[in-house]
Structures are given as structure tokens and as C-alpha cells.
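Student: Structure, please.
(one chain, ligands or ions: 1)
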Amino acid sequence: MAALARVYGPLMHLKMGFVHVVVAASASVAEQFLKVHDGNFSSRPPNSGAKHIAYNYQDLVFAPYGPRWRLLRKICALHLFSTKALDDFRHVREEEVGILTRALASVGQLPTSIGKMLSVCVTNSIARVMLGRRVVGYGCGSGDEMAEEFKAMVDELMILAGVFNIGDFIPPLEAFDLQGVATKMKKLHARFDTFLTSILEEEHNIIKDDDVDSNIKLLSRLISLKLKDVDDCEGERLTDTQIKALLLNLFVAGTDTTSVTVEWAIAELIRNRKILSQAQQELDSIVGKDRLVTESDLAQLTFLKAIIKENFRLHPSTPLSLPRIAHENCEINGYFIPKGSTLLVNVWAIGRDPNTWADPLEFRPERFLMGGERSNADVRGNDFEVMPFGAGRRICAGMNLGIRMVQLVTATLIHAFDFELINGQLAQNLNMEEAYGLMLQRAHPLMIYLRPRLASHFAYDIVSIQFMALEINSTNIDDLFSGNVEDGGYNGPPIVYQDSDNTIIEMDDEQTSSDSESNVEGYDADLEGDDDFSDLEGDDDE
Ligand code: HEM
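Tutor: So this is what the prediction gives:
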């Protein structure tokens, strides 16, 4: 599509089956759609994934713009992604990144598929916040059925989401399900629903048992919001189905987007050694070599943040963002856009547009530093030249969490390790090919050796855990500390903790062992409403 735009211009019309698709491929055209005409493009087009997997549009990602979307979005903005909510769970992310670091350090001389490890770290960070438990382990061939099932479902969902389903573009053929996509989606939905229903039922029981601490988990908070009215949502109330759909969204939208971004960043840094050592110098001077990076260090890591922005420019994890649909006819840059057209914003092409960026294919974080060509540019939807999270009303709901996680994990990895390619491969020959799909995956997963570079006792042997704040149940404590790969838990040397009085506690062996029917509503039912959420979004200013 980027190549087509070079021939046909930054505003293109494609006819895909019965569907009119318009593609925006320059910053100024994207601004027209996502700022000037954002209200007209604030729903997503109908699609089989939303229907068969996402509880028939009962989720946040695909809900039509209207009261249901507003309710879910407000709940997320206030309870999940506000600065306060993110700060409350900062320790969980730091602990999970600490566990990742330990796991990577314990791999020793073996090559590591870094992307897989990153995915486990991000998934568990979200799971512990939402559910109070980890759901995937670092071990392979895990004996933990739930973890195995979860991982298999997410992998299958990613494959199905990337399939070009003919029925979505030629509606009369939808019923025939020529590729068998809808059938696979329905089966996958049933598995997800069993998984999510059991989690929800368990949580309902805990709340009935009057567990005072359970409200720490965000899932309990969501359940407690079920009976409450939320302003401007026209009496729409949260249902169990919507809670399950939201959980599904958070795991699917929040995990691979983040881990894939970090994997690209590490690949870029391996190819650009000078930039890597400049970042390591910054980290050594601000964090030192005796501990891991924390979220409170991030504000001071100016160069690291420029690296992350440059990486978002070149490797946005959803290269065509998520589609939108025109609610009414409109005119953009003199072109008539008919009602019902699908909008794709080519975020990938915009980030590489030679009319905007000097040497667009070069990895040059300095462009985002003082005196650089885009020193003030941000990636939060205000600058249309670089918008990995989209923009406007439907901008990524988890953006603040995504940015924090990408910054923290990338900073920790480059601070704690040096990287070496396998088989004596030269950095300049590293294959940077991209795979086709909804998500911008690497065609060749990054395989590397990791060489620890910090004082080992502090950085790799101590994970500072505040026991009081931990929300993991007993089963999952086993997973977390298990030295047994078969359990799907952490497999490394004994973990030493520091309690709140800074007393070092070494864990001994004993301690270390171990309604799926959607509430179907007319899709077009509630496209009205005109809200600006700028006041509600977590203001996670750098
Ligand atoms: C590097 C990390 C991430 C990237 C690059 C990313 C990117 C995006 C993009 C491009 C969109 C579509 C925006 C639009 O239509 O304009 C989106 C939507 C969304 N994202 Fe993210 N995302 C990331 C992380 C997360 C995380 C961590 C979560 C939650 C745990 C999340 C949850 C969502 C949700 C719920 C939506 C739908 C919002 C709506 O339709 O109102 N994302 N994301």
C-alpha cells in the first residue's frame, strides 16, 4: 500500500469486494481524517472477528461509537489506565521485568528467542494486574494446562485476525464461510469463553466470600462497577459479557503489540552499536550498575526515550492502525468519501515518508532530541507524522501502559545485557524483513546471546518484592517461584528477596517449589454521541 501511495498519492481509493476502502498515507491526510473529521470516523467496520470472537461487538475495540463504547472507555480510562491506576501497579511491572531479567540471565550460553520471553513478561504483567495471577510460564512444554491453553488460544487468535476473510468484503458470501474462518473463530471463541467464564465465576465467589483484599485486582473492581451508573452513558451498565470481552481485548491488544515493539528496538540497537553504547552510558550514569531500572528512572532517560520514539516511527506494531468506518458521506481534500467506507491509516508509510523525515530509513534517535528535526514530536496522537497508537477518539486505550512497558523493558534489557547474534552473524547482515499480518512481526524472530553486564548479585539475584502488595494466589506463587520448568514457572537460581525493611530473605527449597451467548444488538444502533475524552485519559506525562 505504501508503494501504491507513491504512485497514486496520499489519499487513495481501493475497491475490495463490495467495500470502498480509503487509505491515508501522509500526515496531513491522516490529520484530516483523525482530527478534522474524527467524529465521522469513530466506529470500526463490521468484521467476522468482532462478531464471532469479541462477543458480537460487546468489547471496547469493536463496540460502535455510542453509549456502550463510552462506558467501557471511561471505565478503562479511570480504573485501568489513569496515572493513579498505573502507579498502583508499578511494582508488578517492575517485578515481572525483574523475573524476565533473571530468566534471561539464567539461559547462560544458549541462544534465546527474545520475542517469546518478552511476550511472557508482558502477558503476566497484565494478568497479575487484571486477575491477580500469572497465566504463562517461561518453561516450554509446561505442565500447567491453563497456561498452555491460554498461550495456544492467543497464538491462534493472532493467526485468525490476520486472515483476509472474503466474507468481510463480499457480504453475500459471508454465510458460505468459504475459507472456514468463521467456523474456526466460533470454536476459538468457545474456548476463550470457557477460560474467561471460569475466571469470572471464581472472582464472583471470592467477592461473595467477602475477601476484603480482592478489590486490589482490577477484575474485582470491574465486577463491583456492574451495578453502577456512569455519567453520559445513557443508563448503559457493565455486564459479565462485556467484562469478559474487555479482558479479551486487554490480553490481545496489549501483549504482542508491546513485546513486538521491544523486539524491533533490540534488533535496531544490535545494528547500531554506537547508539546502544550511548544508551548504556546514560543508563549507567543514572541507574548505576548495582540495580535494575525502575519506572521512576524513566523520566531522566532522555536518550532512551528518543530511541523508543525512533523505534515507534520505523516499527509501529499495527502498521495500518485499526480500521474505522465513515458514518456519513463527507469530503476530504476535495474527494467525496461515501458513507460506509472503510478507512485505513498507513501509519507505517507515514513514519517513513521522505517528505517528512530526512533519511527516513535510518535509525537516528537524535531527530527527537533538542536541536533535532522533530525535537518536540510526541507519539501520543498529537503529531500525525508518528502515531503508533493511532489518534482521535479511538486512539489506543492502553497507550500510557504500552509506553511505560516498552520504555521499562527496553531500558532494562539494554542496561542489564550486551547482545550478540548467533552463528557469528554480523550486525549489518541482520535480517530486518517484516512478516505479513495485522501485527508487524519480524519475519525472522530475533535469536541472540545475552551477556550480563551488571553486578550480578544485585541485578540478577535480587528481585525486590513487596509482599504486602503481591496479589498472586497460592497456586501461582508456585508458578512464579518454581524451579521446575515442567510447572511452567520461573526456572532459575534461588530468588533472594528484600522486604520492606531491606532485610534480605532467601527463599528455601520448600518455599521455592513450587454466558457465552452475546447480548446481540443491532450494530448500527448507537453511533451517536460526541464526547471528548481528553479530560479522562490518564495524563502520563513524560
Ligand atoms: C506498544 C504498544 C501498543 C501499540 C503500538 C498499540 C496500538 C494501538 C492502535 C494503533 C490502536 C487503534 C487506534 C485507532 O483506531 O486510532 C489501538 C487500540 C486499542 N488498544 Fe492499543 N496498542 C498498544 C498497547 C496496548 C495496551 C498495553 C493495551 C491494553 C492493555 C491496549 C488496548 C487497546 C484498546 C482497548 C484499543 C481499542 C480502543 C478503542 O477502540 O476505543 N493497547 N492500539
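Student: Give me the nearest residue to R221, chain neighbours excluded.
Tutor: The spatially closest residue to R221, leaving aside those adjacent along the chain, is H79, at 5.4 Å (Cβ to Cβ, 6 or more residues apart in numbering). Bear in mind the C-beta positions are built from the backbone N, C-alpha and C, glycine included.
Student: residues near the residue nearest to L440 when sequence neighbours are not counted, how many?
Tutor: Spatial nearest neighbour of L440, chain neighbours left out: P319 (4.9 Å); criterion: Cβ to Cβ, 6+ apart. Neighbouring residues of P319 were enumerated by other Cβ atoms under 10 Å; the total is 22.
Student: Contact partners for P319?
Tutor: Residues in contact with P319 (Cβ atoms under 8 Å, 6 or more residues apart in numbering) are N346, V347, W348, L440.
Student: Out of those residues, which is nearest to the ligand?
Tutor: Closest approach to the ligand among the contacts of P319 (Cβ to the nearest ligand atom): V347, at 6.7 Å.
Student: Surely the closest one and F389 touch.
Tutor: No: with contact taken as Cβ atoms under 8 Å, V347 and F389 are classed as non-touching, separated by 9.1 Å.
Student: quick one, which of those two is more surrounded?
Tutor: The neighbour comparison of V347 against F389 (other Cβ under 10 Å) goes to V347, with 26 against 23.
Student: got a list of what the more buried one touches?
Tutor: For V347, the residues meeting the contact criterion (Cβ under 8 Å, 6+ apart) are P316, T318, P319, L320, S321, M387, P388, G390.
Student: burial measure for L438, as a count.
Tutor: Residues within reach of L438, counting by other Cβ under 10 Å, total 18.
Student: right, I mislabeled it, should have said E156
Tutor: The local packing of E156 (other Cβ under 10 Å) involves 16 other residues.
Student: is any part of the host helix or strand of it close to the ligand?
Tutor: Counting by DSSP states H and E, the secondary-structure element that holds E156 is helix 145-162. No: shown here: helix 145-162 not in contact with the ligand (Cβ under 6 Å from any ligand atom), separated by at least 13.0 Å.
Student: near the ligand, which residues of the stretch 251-400 of the chain show up?
Tutor: By the criterion of Cβ under 6 Å from any ligand atom, the positions of the stretch 251-400 of the chain lying close to the ligand are 253-254, 257-258, 261, 317-318, 321-322, 388-391, 394-398.
Student: Hmm, V293 and T101 touching each other?
Tutor: No: using Cβ under 8 Å, T101 and V293 do not qualify as a contacting pair, with a distance of 9.7 Å.
Student: who touches both of those two?
Tutor: By Cβ under 8 Å, 6+ apart, the residues touching both T101 and V293 are T412.
Student: what about V19, how many neighbours?
Tutor: Based on other Cβ under 10 Å, the number of other residues close to V19 is 18.
Student: C-terminal to the helix holding E156, what's the next element?
Tutor: For helix 145-162, the succeeding helix or strand toward the C-terminus, using DSSP H and E, is helix 166-169.
Student: can you pull the buried residues of that following helix?
Tutor: Residues of helix 166-169 classed as buried by neighbour count (16 or more other Cβ atoms under 10 Å): I166, G167, D168, F169.
Student: Can you name the residues in contact with it?
Tutor: Helix 166-169 is contacted by residues 16-19, 46-48, 173-179, 181-182 when judged by Cβ under 8 Å, 6+ apart.
Student: quick one on the thing from earlier: contacting residues for the residue nearest to R221?
Tutor: With contacts taken as Cβ under 8 Å, 6+ apart, H79 has the following neighbours: A85, L218, R221, L222, L225.
Student: and the closest residue in space to the second one that isn't next to it in sequence, what does it touch?
Tutor: Meaning L218. Counting by Cβ to Cβ, 6+ apart, the nearest residue to L218 once its immediate chain neighbours are dropped is M130, at 5.0 Å. M130 is in contact with K217, L218, L219, L247, L250, counting by Cβ under 8 Å, 6+ apart.
Student: 10 Å - rerun?
Tutor: Applying Cβ atoms under 10 Å, 6 or more residues apart in numbering to M130 gives the contacts 80, 89, 199, 217-222, 246-247, 250-251, 254.
Student: cool, K187 as well?
Tutor: If a contact means Cβ under 10 Å, 6+ apart, then K187 has H52, E156 as its contacts.
Student: mind pulling up the phi and psi values for it?
Tutor: Backbone torsions of K187, given as degrees, to the nearest 10, read phi -60, psi -40.
Student: how near is it to L178?
Tutor: Distance check for K187 against L178: by Cβ to Cβ, to the nearest Å, it reads 17 Å.
Student: what's the spacing between the residue of the chain positioned farthest from its centre and the ligand?
Tutor: For the chain, the largest distance from the centre (Cα atoms, centre = their mean) belongs to G334, which lies 36.1 Å off. Using Cβ to the nearest ligand atom, to the nearest Å, we find G334 at a distance of 24 Å from the ligand.
Student: List the residues that contact that residue.
Tutor: Going by Cβ under 10 Å, 6+ apart, G334 touches L11.
Student: what's the residue nearest to the spatial centre of the chain in contact with, if anything?
Tutor: Ranked by distance to the mean C-alpha position of the chain (Cα atoms, centre = their mean), the top residue is G254 at 2.5 Å. Applying Cβ under 10 Å, 6+ apart, we find G254 in contact with V122, T123, S125, I126, M130, C396, A397, G398, L401, G402, M405.
Student: Please apply the same query to T258.
Tutor: Contacts for T258 were tallied using Cβ under 10 Å, 6+ apart; they are 118-119, 121-123, 125-126, 317, 398, 401-406, 409.
Student: give me that answer again for 8 Å
Tutor: Under the criterion of Cβ under 8 Å, 6+ apart, the contact list for T258 reads L118, V122, S317, G402, M405, V406, V409.
Student: which among these gets closest to G162?
Tutor: Nearest to G162 among those: S317, at 13.0 Å, using Cβ to Cβ.
Student: which SSE is the nearest residue to that closest one once chain neighbours are set aside in?
Tutor: Residue nearest to S317 in three dimensions, not counting chain neighbours: T257, with 4.3 Å by Cβ to Cβ, 6+ apart. With elements taken from DSSP H and E, the one containing T257 is helix 256-271.
Student: so after that helix, what's the next helix or strand?
Tutor: Beyond helix 256-271 in the direction of the C-terminus, DSSP H and E gives the next helix or strand as helix 273-287.
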